[in-house]
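K.L.:
need coordinates for the following:
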Amino acid sequence: MPASPLVVGFDLDMTLIDTVPGFGAVLSALGAELGVDFPVAEMTRRLGPPLETLLSGHLDQEAIGPAGDRFRELYPAHAIDSVPVLPGAHEALAAVRRHGGRTVVVTGKFTRNAQLHLDHLDLDVDVLEGWVWGVGKADALRREGASVYVGDHVHDVEGARAAGVLSVSVTTGGCTREELLEAGTDVVLDDLRDFPSWLDSHMA
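P.N.:
Numbering: from 1, shown residues only. Sure, this is the predicted structure:
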């Protein structure tokens, strides 16, 4: 049964926002500084894992930490204006509020940069928890009393499962419906435009 009061967690990248153009622009800027030709299309095809994991195949091990720090420094200048909200994101957040609920964004993104996206795109959420990945998201979901977590990646499913909450997945990221189901998600939606009607049914 749905928890009362309702608390719904959402991933950010490729769930609420299309991070690909911004992420790619920052990678290009970082590569220009480092003299590295990053394969941007390949690296942005399945966003979700930590940045350092994505960089690991392209830089020496000792360079990854400093490069990640520099990526996050470059991010506000290159990635905020170019990143759009995904279809249905505002409506999904509003649907939670219509049911008297709270919204919690739990994301692997650096918290300050995540907040810049929320502010720029007028995504009104109650709580933002950044800098957490995979099963690490479970602590924030439990602490906020979430009963549902919405994401696009198999790692989001892992976080929901670890927290003991309902996993709802959208196929707007790099993971297929089959991969999400195999990871153990409870519900797969094409995108967030389907979320309000699903939530209405869930709450009924």
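K.L.:
dump the residue contacts of Tyr149.
P.N.:
8-11, 106, 137, 141, 156, 159-160, 163, 165-168 (Cβ atoms under 8 Å, 6 or more residues apart in numbering). From N, CA and C alone the C-beta is placed, and that goes for glycine too.
K.L.:
repeat for Val150
P.N.:
Neighbours of Val150 in contact, by Cβ under 8 Å, 6+ apart: Val8, Gly9, Phe10, Asp11, Thr15, Ala92, Asp156, Val168, Ser169, Val170, Leu192, Phe195.
K.L.:
how many residues are close by the fifth one?
P.N.:
The local packing of Thr15 (other Cβ atoms under 10 Å) involves 28 other residues.
K.L.:
in strands only, show me the contacts of Tyr149.
P.N.:
Judged by DSSP state E, the contacts of Tyr149 include Val8, Gly9, Phe10, Val106, Leu166, Ser167, Val168 as members of strands.
K.L.:
what is the nearest of those to Gly184?
P.N.:
Ser167 (6.8 Å; Cβ to Cβ).
K.L.:
setting the sequence-adjacent residues aside, check what's closest to that closest one.
P.N.:
Ala160 (3.6 Å; Cβ to Cβ, 6 or more residues apart in numbering).
K.L.:
domain map for this protein?
P.N.:
Domain ranges of the chain: 7-18+84-203, 20-79, per automatic domain parsing.
K.L.:
okay, the ones you listed, which one's buried deepest?
P.N.:
domain 7-18+84-203 (a mean of 20; mean count of other Cβ atoms under 10 Å).
K.L.:
what about that domain, how long is it end to end?
P.N.:
Using Cα to Cα, to the nearest Å, the end-to-end distance of domain 7-18+84-203 comes to 12 Å.
K.L.:
tell me how far the helix or strand where Ser28 lies is from the chain's mean position?
P.N.:
Using DSSP states H and E, Ser28 sits within helix 20-34. Taking Cα atoms, centre = their mean, to the nearest Å, the mean C-alpha location of helix 20-34 is offset from the chain mean by 19 Å.
K.L.:
which other residues reach it?
P.N.:
Counting by Cβ under 8 Å, 6+ apart, residues outside helix 20-34 touching it are 13-14, 36-38, 40-41, 43-44, 47, 59, 63, 67, 70-71, 74-75, 78-80, 82-84.
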